[in-house]
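S.K.: Predicted model and sequence below, questions to follow.
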Amino acid sequence: EVQLVESGGGVVQAGGSLRLSCAASGFTFGDYAIGWFRQAPGKERERVSCTSTFDGTTYYADSVKGRFTASHDSAKNTAFLQMNSLKSEDTAVYYCAKDREQLYTGGMDYWGKGTLVTVSS
């Protein structure tokens, strides 16, 4: 059974940092692209970052470029999202998701339940 479990969310002051983790099980981590998404209250879900394990390329949304860094530890089947210089507009529930392919396609077939990040100004 495929499972994705996010952790690491919390309350942080603006300008601070958080590191989110996504523990994956039920599949070989390096065989599928992994994405991070977020949804703020009253807003649509936004793609934050996605990594194609096919070639290692990583996409970042313009809103987080230069502040967020995605990485993963294949040996531990865990993905990470390092978030620095956090802003109030980063407040959202953050989700990790697995793509159907090794190259990112946007066809995410499994999602975690999310972890809440609250940035206080």
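M.R.: Thanks, I have it.

S.K.: Just name whatever secondary elements the one helix or strand L81 maps to is in contact with.
M.R.: Using DSSP states H and E, L81 sits in strand 78-83. Counting contacts by 3 or more Cβ pairs under 8 Å, 6 or more residues apart in numbering; DSSP states H and E, strand 78-83 is packed against strand 18-25, strand 34-39, strand 46-51, strand 68-73, strand 92-99. (Glycine included, C-beta is placed from N, CA and C.)

S.K.: what residues are up against the closest residue to F68 other than its chain neighbours?
M.R.: Distances taken as Cβ to Cβ, 6 or more residues apart in numbering place M83 nearest to F68, at 5.1 Å, with adjacent residues excluded. Neighbouring residues of M83 by Cβ atoms under 8 Å, 6 or more residues apart in numbering: 17-20, 64, 67-68, 90, 117.

S.K.: roughly how far apart are G42 and S88?
M.R.: 14 Å (Cβ to Cβ, to the nearest Å).

S.K.: Kind regards, and thank you for your time.
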